[in-house]
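> Prediction below, plus the sequence it came from.
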Amino acid sequence: MNIQQLYTKCLAQGAYYIESNGEAAVIDPLRDIQEYVNLAKKNNATIKYIFETHFHADFVSGHLELHQATGAPIIYGPLAEPDFESVLAQDQQKFPLGEVQIKTIHTPGHTLESTCWLLEDKEGIPHSIFTGDTLFIGDVGRPDLAQKTGSITMEDLAGMLYDSLHNKIIPLPDHVTVYPGHGAGSACGKNMSSETLDSLGNQKKTNYALKASSKEQFIHEVTTGLIAPPAYFPENVALNKKGHALLEKLMERGMIWIEPAQLDAITSSNDALILDTRAPQTFKDGFIKGSINIGIKGDFAPWVGTLIQNIKTPLIIVATEGEEEEVIIRLSRVGYENILGFVKPNLEEWSAKNIAIDTITSISAKELETRFHQGGLEIFDVRKQGEFNSGHIPNAHFTSLQFLSEHLSAFSTQQEQYVHCQGGYRSMIACSILKRNGIDQVIDVAGGYGAILKTDIPSEVSACQNA
């Protein structure tokens, strides 16, 4: 028996490849399926099943791509009802895979169709469970992301989740390995561990949600402290339920080169957004005025989904040469498919074609230290609430990047403002958004708070609860 966790860090997402005696199953695949196909080919195995734990909100699954490539059936648990051909398994139904079997465990709560897949060895003994967004390491799935059905409330779903966990998951043996759908960094939970697997026995001891003393306490705890999910989540659910264009078609449509001379006409006629995916410290030295920077070498797809709130926004991409296909793949993972084409990052050519170019000033933490001690700085911290609370510059304004567009009025169009995050990735995104909105007096702090901590700039903790 061979189990491989295929973890995509930028999405904090785990897909799984399970193989026994030349037969394989894939659970919750991404749209770029080549890794699964290559694994099966390498091991002379046939992909027999494609299992989905639920209709994902944070990424577009590769079930359709993998079905086309292999012919394997797409299998959901009860109540899924997708708009394409699939198998709806019954609760407790078993699927033979070589010498082992995979058992359907319907666990409504995160969503109504949420289902875990229990792997049993050749003796029929539970070996591991693939829990999707039902059970994470250190947390459980949010009960507020499901598409609304009738009068069912978040609290109703939380109650269902409690019953699913206590009636179907907790009774399993402690030795069972838990393989979750996500880890730390995902918006599908609020307290996830950076660990990507654990024993069920340890989760029974350490997971706050599994230790709740009553159903009422559980409902209160899992519904408290939830921030609004990214706007693209419902759109991804719909794509996963209704079907979507195959990735190869997106590649054909998107791999188009736009000449600088065409740029103004295409941008204005399509109301397109220019998305610059280069590294922050490259972007700052010259970019097309009005573009925003979300670097491909970071948490690219989640930030695209969070900050470009209309999933159908026409996009013109600026990318480092050779990274164009990767950009399309990673945009497709979160359902952004309206790619008009690519512009080569050539400042000389841009200038020759009279394209407006902008820059962003970026200073080191040591330079910020010098200016800080001179006094009078306006500093904006765009990290997450927990990061800010655990330590920040005194009198810094907390304006989380996720909610930046709601707080543009907090920024001055006249006075210099210094923007930092933890490492420099998010602060450049923020500066580019501010510039796009006419707030030009912004200065990025390279290296972010991690670099600031190595200076003599003081730090303080806070219980600030502002968005």
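Yep, that arrived.

> Residues touching stretch 372-384, excluding its own?
Applying Cβ atoms under 8 Å, 6 or more residues apart in numbering, the contact partners of stretch 372-384 are 368, 371, 388, 392-393, 395-402, 404, 410-412, 415-422, 426-427, 430, 449, 456-457. Just so you know, the C-beta spots here come from the backbone N, C-alpha and C atoms, and that holds for glycine as well.

> what's in contact with the lowest-mean-pLDDT helix or strand in the chain?
Lowest by mean pLDDT, DSSP states H and E among the helices and strands of the chain is helix 260-270, with a mean of 89. Applying Cβ under 8 Å, 6+ apart, the contact partners of helix 260-270 are 258, 272, 274, 288, 314, 316, 340-341, 343, 346, 349-350, 352-353, 355.

> Next, give me the two most distant ones among the residues you listed.
Spatial extent of the contacts of helix 260-270 (Cβ to Cβ) is set by the pair P314 and A352 at 25.2 Å.

> how near is the residue located most distally from the centre of the chain to T306?
The C-alpha centroid of the chain is most remote from Q374, which lies 40.1 Å away (Cα atoms, centre = their mean). Noted for Q374: a distance of 35 Å to T306, by Cβ to Cβ, to the nearest Å.

> swap in V419?
17 Å.

> which one of these two has more residues nearby?
V419 (28 against 22; other Cβ atoms under 10 Å).

> so that one bridges to which residues?
With beta bridges defined as DSSP bridges, V419 has these partners: F380, D444.

> gap between the residue farthest from the centre of the chain and S390?
Following Cβ to Cβ, the distance that separates Q374 from S390 is 27 Å.

> What count of nearby residues applies to S364?
Counted with other Cβ under 10 Å, S364 comes out at 14.

> Settle this for me: it is touching A446, isn't it.
Yes: contact between S364 and A446 holds when scored by Cβ atoms under 8 Å: they sit 5.7 Å apart.

> per-domain residue ranges of the chain.
Domain assignment for the chain by automatic domain parsing gives 2-235, 245-358, 361-452.

> Pull up the distance across the last one, start to finish.
Between the start and the finish of domain 361-452 there is a gap of 17 Å, counting by Cα to Cα, to the nearest Å.

> how near is the residue nearest to M251 when sequence neighbours are not counted to T277?
Distances taken as Cβ to Cβ, 6 or more residues apart in numbering place I328 nearest to M251, at 5.9 Å, with adjacent residues excluded. Distance, I328 to T277, by Cβ to Cβ: 11 Å.

> go on, V382?
The gap separating V382 from T277 is 19 Å, by Cβ to Cβ.

> same check, this time on S462
34 Å.

> Of those two, give the one with the bigger neighbour count.
Using other Cβ under 10 Å, the more surrounded residue of S462 and T277 is T277, with 25 against 15.

> Now do the same contact list for that one.
Contacts for T277 (Cβ under 8 Å, 6+ apart) come out as 293-296, 300, 317-320, 323, 327.

> quick one: which of the residues you listed sit in helices?
300, 327 (DSSP state H).

> and of the contacts of T277, the nearest to F51?
Ranking the contacts of T277 by separation from F51, with Cβ to Cβ as the measure, puts F300 on top at 27.0 Å.

> before we move on, back to that, with neighbour count and pLDDT added, can I get the contacts of T277 in JSON lines?
Output for the contacts of T277, formatted as JSON lines (neighbours: other Cβ atoms under 10 Å; pLDDT from 0 to 100):
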{"residue": "N293", "neighbour count": "26", "pLDDT": "98"}
{"residue": "I294", "neighbour count": "26", "pLDDT": "98"}
{"residue": "G295", "neighbour count": "22", "pLDDT": "97"}
{"residue": "I296", "neighbour count": "20", "pLDDT": "96"}
{"residue": "F300", "neighbour count": "22", "pLDDT": "95"}
{"residue": "I317", "neighbour count": "24", "pLDDT": "98"}
{"residue": "V318", "neighbour count": "22", "pLDDT": "97"}
{"residue": "A319", "neighbour count": "20", "pLDDT": "97"}
{"residue": "T320", "neighbour count": "18", "pLDDT": "96"}
{"residue": "E323", "neighbour count": "16", "pLDDT": "96"}
{"residue": "V327", "neighbour count": "24", "pLDDT": "97"}
